[in-house]
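Asker: I'll drop the sequence and a predicted model, then ask my questions.
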Amino acid sequence: MGEELNVSSLLEEVRAKRPLVHNITNVVVTNVVANALLAIGASPVMAYAVEEVADMARIAGALALNMGTLDDRVVAAMRTAGEAANAAGVPVVFDPVGVGATPYRNDTASRILADIRLAVLRGNHGEIGFLLNAGGAVKGVDSAGASDALPRAMKAWAKAHGTVVVATGETDYVTDGDTVYALKNGHPLLAAITGSGCQATGVIGAFCGALPSDADAAAHAKACVAALTCFNVAGEVAAERAAGPGTFQAALFDALYHLDPQTVAARARVTRLEVAV
Amino acid sequence: MGEELNVSSLLEEVRAKRPLVHNITNVVVTNVVANALLAIGASPVMAYAVEEVADMARIAGALALNMGTLDDRVVAAMRTAGEAANAAGVPVVFDPVGVGATPYRNDTASRILADIRLAVLRGNHGEIGFLLNAGGAVKGVDSAGASDALPRAMKAWAKAHGTVVVATGETDYVTDGDTVYALKNGHPLLAAITGSGCQATGVIGAFCGALPSDADAAAHAKACVAALTCFNVAGEVAAERAAGPGTFQAALFDALYHLDPQTVAARARVTRLEVAV
Amino acid sequence: MGEELNVSSLLEEVRAKRPLVHNITNVVVTNVVANALLAIGASPVMAYAVEEVADMARIAGALALNMGTLDDRVVAAMRTAGEAANAAGVPVVFDPVGVGATPYRNDTASRILADIRLAVLRGNHGEIGFLLNAGGAVKGVDSAGASDALPRAMKAWAKAHGTVVVATGETDYVTDGDTVYALKNGHPLLAAITGSGCQATGVIGAFCGALPSDADAAAHAKACVAALTCFNVAGEVAAERAAGPGTFQAALFDALYHLDPQTVAARARVTRLEVAV
């Protein structure tokens, strides 16, 4: 399946094209998202001012929006950047961090889903389950469970909206509304550091940003599968060198930096799920 | 004394309850505070918007306020969150970073002390000395000295306000107004990284958040003693594996993650001070 | 040349004086800039509120302004702090991160150059080339090239404005308008982490902050040469201990912390360029 999905060749595309990924992300993870993007071979830029986000989004290969630490200025910036990206055909990835935890996050996520055309919606099982009314619970910004109904709800929503949906957890699900992928790579230490999901969102932006500009949902789904598989395989490699979560984060950057297509191909655990909607 | 203070059992409580700690902290340390909380076994959330901080504070196990990088929005958020936490019985920990350095910080700290009921006030010797008019000097956000009058002033202020006071330095002092604890664990490398005090504040939030909801000042003081002892013992362990401050920060997260009650009990250096007020 | 430039003795000055460096920097790098400054022996403070930046800048040894993640509040704070520093004779270092990428960044940089008297202007080759109309291109916040005309334009601009100009890249150029220094230390991993340029800007602030208050442009240029040489030599040492960019950042703090004058003197690669203007 690795061949068909081209995980390895997509990684090589990222490094060859070095896509500019414009991130509007939260203050907890800005540094690690930038470092993860540099390590995988992309060019990160963080820009937040309403005065410039449209200009930056237009020249980016992808725009990654993350609502981990919102305020009204960040919300306005995400909207302005998202509209500019939509107008310019730049793919938008949205990470609804902590949705379900407060009405403000719920309202913000709803408005972005309504107003911005998303290439990819990525959250953990709890966040995606909450957004899609497929069960799941949220405690703060950590996922606290999911339900078997999740891949089904994801597939239906993706089909209806033309947006790839990604829910990460012990198994990661990716769907474009037609195919549902189940990804089994990763390591428990990824849940022991802050911002691993946000880093994954950034890396998804990099892989989407390396696609041709006319990429469709099926192509974006494959980019998500490749991005998550690369990120999670790097997590596996890093865990072998780490003595805990602190050395793991450093080793994760090292592993992303040195990640070679052969290692990814050898370790990838990607399957297709049969999901009736 | 370890038995009486239950340092080990409080650590086990944190890991069992995994309290949600709502942090309104500064932009320098958000990432490391979140990682320190994850490593010790708590669930960190950072939320700053006035639109949501009350909702988040109400569902948290503890609220940790840190004024390291203030602006008027952060100040408003701290006030709103603090009032919501007070109304809901959620313990509030306040870290007056850099008080004494500028009038704005002094005014902000004064207003929080006046308006929010604090379970714990934690600063370094210089900050607490300044706030309590017990001598001490502040240079930027680093403590630049303390005076012998400090534990005395702390005990009197704690008694008068029903707030546990914590002053960290080469010796850490903790008092609920009746008992004064002196803590001697730690390592000089903790002063060579940014945000070790802020991380300690977060960890204090985790330990307070794991207490029963009717915990009194004496219980909060014991939680502070346990939190600081765990944090500082982890610092000692980390220092043995570090080659300098960079590898020390990573090793500190590793050590917090792997910290076992036996190591804490064996290394704890906690005594009671006789302090006449 | 090391003797004449006093790289080693300037490092010792920084550690002896422990200058307070007030940073108004971007949200991506606040943590690593603070840690780099602590590691080299300075005392970092981050303060952003218009209510306090003038107070903080006045008591600082140096003010470092970095426009990596602007908004109107940061711009106002930089202006207020810069004016206070100018009035108090505190040297100001300005890092125009990402200038050339958006009109907002161009406007902001222009206004700071017009309104604040700078001791040092530091950017990468692309940023300085753009600002000085000496060619160079900017892609997001990464430099994407420079031109041979760069040192010439830098020398002329420095002479005209009484400001030291620093352009970092594979070769770093430093000029006070009379002398042009070319620095060849460093390691490719410095470009593989986010914020190495921002950290260098902070360290330049530390070295300028350790100078006598009547230091002239020639002295500030020597401080820049010393700061960059120390930072880049630390990068070389760190690279020998790193397995990739993650472990490199940690090792860089370790190396800055342990950097000794002998190592710097032995490794320094500083020459003077003959540049006709």
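Answerer: Noted; the coordinates are in hand. All values reported here derive from a predicted model rather than from experimental measurement.
Asker: Now do the helices in the stretch 51-200 of chain A.
Answerer: Under the criterion DSSP state H, counting those that start in this stretch, the stretch 51-200 of chain A contains helices at A:53-59, A:72-88, A:103-115, A:125-131, A:150-161, A:196-209.
Asker: Show me which residues of the stretch 51-200 of chain A sit near chain C.
Answerer: Residues of the stretch 51-200 of chain A found near chain C (CB under 8 Å from any CB of the partner chain) are A:51-52, A:55-56, A:59-60, A:73. No exception for glycine: its C-beta is placed from N, CA and C like everyone else's.
Asker: returning to that earlier point: which one of the helices of the stretch 51-200 of chain A lies nearest to residue B:191?
Answerer: Nearest of the helices of the stretch 51-200 of chain A to residue B:191, taken as CB to CB: helix A:196-209 at 29.2 Å.
Asker: helices or strands next to the closest one in the packing?
Answerer: helix A:7-17, strand A:20-24, helix A:30-40, strand A:62-66, strand A:92-95, strand A:120-124, strand A:164-168, helix A:217-239 (3 or more CB pairs under 8 Å, 6 or more residues apart in numbering or on different chains; DSSP states H and E).
Asker: buried sites along the first one?
Answerer: Using 16 or more other CB atoms under 10 Å in any protein chain shown as the burial criterion, the residues of helix A:7-17 that qualify are A:7-8, A:10-11, A:13-14, A:17.
Asker: what residues does it touch?
Answerer: Contact with helix A:7-17 is made by A:2, A:40-42, A:61, A:206-207, A:209-211, A:222-223, A:225-227, A:229-230, A:259, A:261-262, A:264-265, A:268, A:270, as judged by CB atoms under 8 Å, 6 or more residues apart in numbering or on different chains.
Asker: which among those residues end up buried?
Answerer: A:2, A:40-42, A:61, A:206-207, A:209-211, A:222-223, A:225-227, A:229-230, A:259, A:261, A:264-265, A:268, A:270.
Asker: Where does the prediction get shaky in chain A?
Answerer: By pLDDT under 70, the weakly predicted segments of chain A are A:1-5, A:135-147.
Asker: ok, and for stretch A:63-72, which residues are buried?
Answerer: A:63-71.
Asker: Buried residues, stretch A:201-220. List them.
Answerer: So, applying 16+ other CB under 10 Å, buried residues of stretch A:201-220: A:201-211, A:215, A:217, A:219-220.
Asker: Which of the residues you listed sits closest to chain B?
Answerer: residue A:202 (14.4 Å; CB to the nearest CB).
Asker: measure the residue of chain A positioned farthest from its centre to residue C:245 for me?
Answerer: Within chain A, residue A:243 marks the point farthest from the mean C-alpha position, 26.5 Å out by CA atoms, centre = their mean. Taking CB to CB, to the nearest Å as the measure, residue A:243 falls 19 Å from residue C:245.
Asker: repeat for residue A:17
Answerer: For residue A:17, the distance to residue C:245 - CB to CB - is 20 Å.
Asker: now the end-to-end length of stretch A:167-174.
Answerer: 7 Å (CA to CA, to the nearest Å).
Asker: which residues touch the residue minimising distance to the centre of chain A?
Answerer: In chain A, the residue lying closest to the centroid (CA atoms, centre = their mean) is residue A:201, at 2.5 Å. Going by CB under 8 Å, 6+ apart, residue A:201 touches A:25, A:33, A:64, A:66, A:93, A:95, A:122.
Asker: Using CSV, lay out those together with distance to residue C:107.
Answerer: CSV is the format used below for the contacts of residue A:201 (distance: CB to CB, whole Å):
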residue, distance to residue C:107
A:25, 24
A:33, 27
A:64, 26
A:66, 27
A:93, 29
A:95, 31
A:122, 34
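Asker: Considering those, which is situated nearest to residue A:173?
Answerer: Distances from residue A:173 to the contacts of residue A:201, taken by CB to CB, are shortest for residue A:122, at 10.5 Å.
Asker: just checking, that closest one touches residue A:97?
Answerer: No. Counting by CB atoms under 8 Å, residue A:122 does not reach residue A:97; the two are 10.0 Å apart.
Asker: Now list whatever residues contact both of those two.
Answerer: With CB under 8 Å, 6+ apart as the test, residue A:122 and residue A:97 both reach residue A:197.
Asker: What parts of chain A come near chain B?
Answerer: A:26-29, A:31-32, A:68-72, A:98, A:101-105, A:139-142, A:192-195, A:242-247, A:249-250.
Asker: Just the buried residues of those.
Answerer: A:26-29, A:31-32, A:68-71, A:98, A:101-102, A:104-105, A:139-142, A:192-195, A:242-247, A:249-250.
Asker: so which of the contacts of residue A:201 is the most crowded?
Answerer: Tallying neighbours with other CB atoms under 10 Å in any protein chain shown puts residue A:93 at the head of the contacts of residue A:201, with 33 neighbours.
Asker: Would you mind listing the residues in contact with that one?
Answerer: Neighbours of residue A:93 in contact, by CB under 8 Å, 6+ apart: A:62-65, A:118-122, A:201, A:204-205, A:208.
Asker: Residue A:77 too?
Answerer: Taking CB under 8 Å, 6+ apart, one finds A:24, A:48-50, A:53 in contact with residue A:77.
Asker: let's see 6 Å
Answerer: Residue A:77 makes contact with A:24, A:48, A:50, A:53, according to CB atoms under 6 Å, 6 or more residues apart in numbering or on different chains.
Asker: Could you identify the most distant pair in those residues?
Answerer: A:24 and A:50 (10.7 Å).
Asker: ok, those two, which is more surrounded?
Answerer: residue A:24 (23 against 17).
Asker: which residues touch residue A:169?
Answerer: Under the criterion of CB under 6 Å, 6+ apart, the contact partners of residue A:169 comprise A:124-125.
Asker: where's it relative to residue A:126, distance?
Answerer: 8 Å.
Asker: go on, residue A:103?
Answerer: Counting by CB to CB - residue A:103 and residue A:126 are separated by 17 Å.
Asker: ok, now residue A:270?
Answerer: For residue A:270 relative to residue A:126 (CB to CB), the value is 23 Å.
Asker: again with residue A:204
Answerer: Residue A:204 is 18 Å from residue A:126, by CB to CB.
Asker: now swap in residue A:92 and tell me
Answerer: 22 Å.
Asker: Would you list the phi and psi of whichever residue of the stretch 101-250 of chain A sits closest to chain C?
Answerer: Proximity of the stretch 101-250 of chain A to chain C (CB to the nearest CB) peaks at residue A:250, 3.5 Å away. Residue A:250 has phi and psi values of phi -60, psi -40 when expressed as degrees, to the nearest 10.
Asker: again, but for residue A:52
Answerer: Torsion angles, degrees, to the nearest 10, at residue A:52: phi -130, psi -10.
Asker: Tell me if I'm right that it and residue C:102 touch.
Answerer: Yes. Judged on CB atoms under 6 Å, residue A:52 makes contact with residue C:102 at a distance of 4.1 Å.
Asker: Can you give me the neighbour number for residue A:148?
Answerer: Neighbour count for residue A:148, taken as other CB under 10 Å: 8.
Asker: To clarify, my last question referred to residue A:260.
Answerer: 11.
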